[in-house]
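1. dropping the sequence and predicted coords here.
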Amino acid sequence: MITERFHIAVPTSFNEDESLNVNLTLTHIENLYKNSIKSVMVCGSTGEQHSLSLDEKIELLNALENSYLIDEMEIIFGVSSIREKEAVYLAKKISKTKISGILLGFSPYILPSQHEAIIYANNIIEKANKDVIIYNNPGRTGFDLTIDSIKELLKNRLIVGLKEAGNPQKISQLKKEMKNNNFYFYAGGEVNLAEKIKLGFNSLSSMCGNIEPILVRNYFNSLYENSSTQDNDLKKVKILIEEVFKTSPISKIKHILNKNKNTIGVCRKPLGN
C-alpha cells in the first residue's frame, strides 16, 4: 500500500561495462533508509528503466523481495514497456511480492491512441493488483494522457496517485472534479516545486533527494505544510536543484554520488557521454 507523499526516485547502478549492479542499487536504497527515508521508487522515474531488459527488471525485483528493506520501507516499482506483454508479465511477478505499489508509465515513441493507452493501463493494473500511480510524461514519451482519459482510469480504485510531468494545470482541473481528498498528485522532481504545490500538487517524486535526502524532504514538507524554511537550507536546496537540473539529471546525480564516494556506478550511454 502506498501511504507516503514523499519518495525518492532512485538511480539504477551499472558497472563500467554497463551491466546491472543490483548490490550497489540496494546499497544506495539502504543508505537512504539509514537517513530516515521511508519510500523509494525503483526502476521508474529516472528513466533508466527503458534501458533494462525484462530479465534485468525481474532480477532487481527479486533482490528487493529478498532484502530486509522490503519490510522496512515503502517500495514502488516502475512498470512500463514498449511491449504490453512484457509489462503485464512484470506486473504478474510484482503481484506475488511485498512491493507496495507500481508507477505505471506509458510506452515511449510508439504514440498509442487514448483508447489503446487506457486498455494498456487497465491490463497492467489488473495483473499487478497493487496500488498504482499513473505517470504521464509527454516530454519523454511523446504521448499525453488527456484529462478525460485520466478520469476514465480513475474509476479503478487501485489508482491512488498521478504523477503529471506534462501540463501542471491539469491538476487544478482534476482537483475541482474529484471527491477523493486523499489522492496523491506527484510533482516529478524539484523544479518549480513551490508553484506546483500552489496548483494542487501534494506529493513529490524526488530526484535531488538522492544526494541530500533529509534536506530535500524537509524542503518539500515546508512547502506542503506552508511553513518556513531556514534561509541557509533554502539556499542549499536552490543550489542543489540548479546543479542537478542544468544538464542530464540522472548523469549529474550519479556524478555527485560517486564524487562523494557513495558509489552508484555509471550511466548507460549515451547518457553520461
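-> Arrived safely. Residues are numbered from 1 along each chain as shown.
2. helix, strand, or coil at Lys163?
-> Assigned state for Lys163: strand (three-state reduction, DSSP: H, G, I helix; E, B strand; the rest coil).
3. for Ser203, see how far away it is.
-> According to Cβ to Cβ, to the nearest Å, Lys163 stands 8 Å off from Ser203. Any C-beta I mention is one placed from the backbone N, CA and C, and that applies to glycine too.
4. intersection of neighbour lists for those two?
-> Shared between the contact lists of Lys163 and Ser203 (criterion: Cβ atoms under 8 Å, 6 or more residues apart in numbering) are residues 186-187.
5. so the closest residue to Lys98 other than its chain neighbours is in which element?
-> Across the structure, with Cβ to Cβ, 6 or more residues apart in numbering as the measure, the residue nearest Lys98 apart from its sequence neighbours is Ile70 (4.7 Å). Element membership of Ile70, judged by DSSP states H and E, is helix 69-72.
6. and Asn137, how far is that from Ile197?
-> From Asn137 across to Ile197, the span is 19 Å (Cβ to Cβ).
7. which stretches of the stretch 1-150 of the chain form helices?
-> 22-34, 54-65, 69-72, 84-95, 114-128, 138-141, 147-153 (DSSP state H, counting those that start in this stretch).
8. contacts for the fourth one, please.
-> Right, helix 84-95. Identification of contacts with helix 84-95 by Cβ under 8 Å, 6+ apart yields 54, 57-58, 61, 77, 79-81, 102, 107, 120, 123-125, 127-130.
9. repeat for the first one
-> Residues from elsewhere that reach helix 22-34, judged by Cβ under 8 Å, 6+ apart: 8, 10-13, 40, 42, 59-60, 63-64, 67, 69, 72-73, 75, 209-210, 213, 257, 262-265.
10. okay, buried residues for that helix please.
-> 22, 24-26, 28-29, 31-33 (16 or more other Cβ atoms under 10 Å).
11. what angle sits between it and helix 54-65?
-> Between the direction of helix 22-34 and that of helix 54-65, the angle (axes from the mean of the first three to the mean of the last three Cα atoms, to 10 degrees) works out to 40 degrees.
12. buried residues, the one helix or strand in the chain whose mean pLDDT sits lowest. List them.
-> In the chain, no helix or strand scores lower on mean pLDDT, DSSP states H and E than helix 169-177, which sits at a mean of 89. Judged by neighbour count (16+ other Cβ under 10 Å), helix 169-177 contains these buried residues: 170-171, 174-175.
13. who touches Tyr120 in this structure?
-> Applying Cβ under 8 Å, 6+ apart, the residues near Tyr120 are 84, 87, 106-107, 112.
14. what sits up against stretch 138-150?
-> Taking contacts as Cβ under 8 Å, 6+ apart, the residues outside stretch 138-150 that touch it are 47, 105-109, 111-112, 114, 117-118, 134, 136, 153, 162, 165-167, 170, 173-174.
15. can you say which of those are buried?
-> Burial of those was assessed by neighbour count (16+ other Cβ under 10 Å); the buried members are 47, 105-108, 112, 117-118, 134, 136, 153, 162, 165-166, 170, 174.
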